[in-house]
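**Q** pasting the structure only:
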Ligand code: 9Z3
């Protein structure tokens with residue numbers, strides 16, 4: 001067991017990431033997760049394909065070990081699922097590590113839609129035949145062909161998580177497996193990860209009873225996982241983290257603070273209410289606002305259509321600067 005000193009990394013009650021892994025139990029399906037990812041990474045390493053590891057959706061924070069209740073957040077995984085499609089279009093192989101039942105690439109066009117349910121896309125032709133409603137056929141053909149292209153060529157690996165702890169174990173394990181691709185791997189950390197959690201030793205085993213009266217919760221701060229991710233787990237890859245705020249005055253300063261604190265390459269800053277129209281791409285030496293125009297919006301252009309090519313360009317530079325370094329040695 002860790003000592004009391006190890007538990008607190010800075011006197012502010014935040015535990016060290018290593019301590020988190022010692023004190024929490026890995027998800028039971030971690031070996032299966034690792035086996036699938038190893039095989040996918042091996043395949044693409046041989047084929048020299050660039051790979052992006054996308055995290056997507058929100059993490060849950062259980063309040064009981066036998067979980068009845070948990071804390072969740074707003075994210076439905078639109079950013080991650082949509083980005084995966086544009087990365088595939090740019091020639092990447094995609095590891096899509098998403099919150100179970102959140103939006104998925106390609107499927108997202110037909111699920112989670114308030115006005116059109118899955119069955120609304122279908123018509124019954126005769127007693128034995130069901131077909132796609134002709135009004136949707138053209139668009140569906142395009143999506144289906146891209147989807148088949150990705151799956152046929154083994155370019156999309158879907159992996160999931162539910163809780164914060166699941167996510168963190170899989171993030172660590174996943175980034176370490178991808179590390180063998182060195183600078184050819186990009187880490188695109190779009191998941192909305194909780195900043196607070198209940199450590200398993202402090203958690204109720206059984207359902208919290210309402211007979212106990214009002215419930216007061218004390219949540220610990222989640223350790224800063226970008227520190228080991230940037231310096232150890234994925235040190236050669238291009239790391240793109242996201243910063244989400246609701247107060248516009250905090251957005252850029254907080255994003256810059258993250259870049260300085262962790263020393264990685266890119267922060268994509270976004271506001272909760274405008275995240276589908278505007279993002280700011282921040283690197284050590286640049287800051288660029290990427291926005292959709294009213295015309296773009298009318299034509300259903302997605303912000304990821306503009307964002308992903310920029311990140312691919314930054315990744316080009318990252319790969320070639322590494323090659324230059326290697327030549328100079
Ligand atoms: C993001 O900022 C994503 O863009 C969103 C996407 C979660 C806003 P949706 O899934 O939303 O399309 O509904 N992700 C990162 C959020 C986050 O937790 N960032 C941490 C922070 O802001 C840093 S890693 O402190």
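**A** On my side now, so go ahead. What you see is a predicted model, and the numbers here were worked out from it, not measured in a lab.
**Q** so what's the residue nearest the centre of the chain up against?
**A** Centroid-nearest residue in the chain, with Cα atoms, centre = their mean: residue 55, separated by 1.6 Å. Neighbour list for residue 55: 80, 97-98, 167, 171, 188-191, 193 [criterion: Cβ atoms under 8 Å, 6 or more residues apart in numbering]. Backbone N, C-alpha and C define where each C-beta goes, glycine included.
**Q** what's the distance between the residue lying closest to residue 98 once chain neighbours are set aside and residue 260?
**A** The shortest distance from residue 98 to any non-neighbouring residue, by Cβ to Cβ, 6 or more residues apart in numbering, is to residue 56 (4.2 Å). Using Cβ to Cβ, to the nearest Å, residue 56 is found at 26 Å from residue 260.
**Q** Among the two, which residue is more densely surrounded?
**A** Under the neighbour definition other Cβ atoms under 10 Å, residue 56 and residue 260 were set side by side, and residue 56 has more, 29 against 8.
**Q** Can you give me every residue that contacts that one?
**A** The contact partners of residue 56, taken as Cβ under 8 Å, 6+ apart, are 75, 77, 79-81, 83-84, 96-99, 102-103, 190-191.
**Q** Give me the subset of the residues you listed lying in strands.
**A** Assignment to strands by DSSP state E places the following of the contacts of residue 56 there: 96-99.
**Q** Can I get the residues you listed in JSON lines including neighbour count?
**A** What follows is the ones in strands among the contacts of residue 56, written out as JSON lines (neighbours: other Cβ atoms under 10 Å):
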{"residue": "96", "neighbour count": "24"}
{"residue": "97", "neighbour count": "24"}
{"residue": "98", "neighbour count": "23"}
{"residue": "99", "neighbour count": "26"}
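**Q** which among those residues gets closest to residue 43?
**A** Checking the ones in strands among the contacts of residue 56 against residue 43 by Cβ to Cβ gives residue 96 as the nearest, at 15.7 Å.
**Q** What residues are bridge-paired with that closest one?
**A** residue 54, residue 158 (DSSP bridges).
**Q** residue ranges of the helices in the stretch 201-329 of the chain, please?
**A** 226-228, 248-262, 294-298, 304-328 (DSSP state H, counting those that start in this stretch).
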